[in-house]
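Trainee: need a structure here:
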Amino acid sequence: MDCRTTSFSIPVVAETGGNIIGVESVDVEQAHKYGIVDPVGRQGNRIEMKGMVEKPAPGTAPSNLSISGRYILQPEIFDLLATQEKGAGGEIQLTDAMARLMERMGRAREAEEHYRRIQERYNQGAELVGFYYRRARVDKDASYETRLRDALALALPPGLEPFDRASLPASPKDGVVVKSVNDNTNRYGIMWGNVIVAADGFRVHDYEAYNLIRALSQSPKMKLVVWRGASYDEIDVELWDRLLRIDRDTFKPAG
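Mentor: I've put the predicted structure just below:
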């Protein structure tokens, strides 16, 4: 909404519900310094938007409407922000959490646009793949299958490999190595140097695969297969944000 004080927005919330964001016009040449909305329609000072872009690259801003810092948001956004990983500039971004909120509200078109913006802006396609996966495979909406295939090919060219325990080597040749520990890892007996080789029924060859598999579901429950130095162990973890919140990296065996 094009407004300068939050009080102007309150009647709009009562009438339309949803989330209201105050915006102001800026010079197009300065748009790369601000969060910018992507509008699809306007009625007076009310603007319908399909997404937001945090500090777009010069010349790529979808409009000159900058986010003024005045918001009226659904309360669920704060739970999502609490679990949001860092985005642009190493900071937690409201634009990222908005994608997840739109999906929870059943506003698939707006959610898809937000996830697309995350992919385009940060070159991070895991969340968009996760959205398409949930729509196509969980909700059984076949219209998303092609989009899932295309997004997956960009985010993880080798694709998703179903986990086959019989194919594991005697000791791991790849996976994701745990490089720090905390209360989450301690709770499940995961230690520094352990290697995650599978998650939720898919093989984990590297960090990119692990991050994408983590994004496929919004359930707090995950099933990991972890090399603990002598054996591969199945570990059921339950993390409300699906994040161990540890340092980790692609595993490469010594020598």
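Trainee: Let me see the ranges of the strands in the stretch 101-250 of the chain.
Mentor: Counting by DSSP state E, counting those that start in this stretch, the stretch 101-250 of the chain has strands at residues 176-178, 195-199, 202-203, 221-227, 232-238, 248-250.
Trainee: Remind me what the biggest helix by length in the chain packs against, helices and strands.
Mentor: Determined from DSSP state H, the single longest helix within the chain is helix 108-122. Using 3 or more CB pairs under 8 Å, 6 or more residues apart in numbering; DSSP states H and E as the contact test, the elements touching helix 108-122 are strand 46-54, helix 94-104, helix 126-133, helix 145-155. C-beta here means a position set from N, CA and C on the backbone, and glycine is covered the same way.
Trainee: Mind checking the strands of the stretch 101-250 of the chain for the one nearest to residue 149?
Mentor: Closest approach to residue 149 among the strands of the stretch 101-250 of the chain is made by strand 202-203 (15.8 Å; CB to CB).
Trainee: May I have the longest helix of the chain exported as PDB, CA atoms only?
Mentor: Provided in PDB are the C-alpha atoms of helix 108-122 (Å, rounded to 0.1, in the frame of the first residue of the first chain):
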ATOM      1  CA  ALA A 108       0.200 -20.600  -4.200                       C
ATOM      2  CA  ARG A 109       0.700 -18.000  -7.000                       C
ATOM      3  CA  GLU A 110       2.200 -15.500  -4.600                       C
ATOM      4  CA  ALA A 111       4.300 -18.100  -2.800                       C
ATOM      5  CA  GLU A 112       5.700 -19.300  -6.100                       C
ATOM      6  CA  GLU A 113       6.600 -15.800  -7.100                       C
ATOM      7  CA  HIS A 114       8.400 -15.200  -3.800                       C
ATOM      8  CA  TYR A 115      10.300 -18.400  -4.100                       C
ATOM      9  CA  ARG A 116      11.300 -17.500  -7.700                       C
ATOM     10  CA  ARG A 117      12.600 -14.200  -6.500                       C
ATOM     11  CA  ILE A 118      14.700 -15.900  -3.900                       C
ATOM     12  CA  GLN A 119      16.200 -18.100  -6.600                       C
ATOM     13  CA  GLU A 120      16.900 -15.300  -9.000                       C
ATOM     14  CA  ARG A 121      18.300 -12.900  -6.400                       C
ATOM     15  CA  TYR A 122      20.400 -15.200  -4.300                       C
END
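Trainee: thinking again about what came up before, using a markdown table, please lay out the strands of the stretch 101-250 of the chain together with mean pLDDT, mean neighbour count and distance to residue 34.
Mentor: Below are these laid out as a markdown table (pLDDT from 0 to 100; neighbours: other CB atoms under 10 Å; distance: least, CB to CB, whole Å):
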| stretch | mean pLDDT | mean neighbour count | distance to residue 34 |
| --- | --- | --- | --- |
| strand 176-178 | 98 | 23 | 36 |
| strand 195-199 | 98 | 24 | 37 |
| strand 202-203 | 98 | 19 | 39 |
| strand 221-227 | 97 | 19 | 37 |
| strand 232-238 | 97 | 13 | 39 |
| strand 248-250 | 95 | 15 | 33 |
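Trainee: Much appreciated, bye for now.
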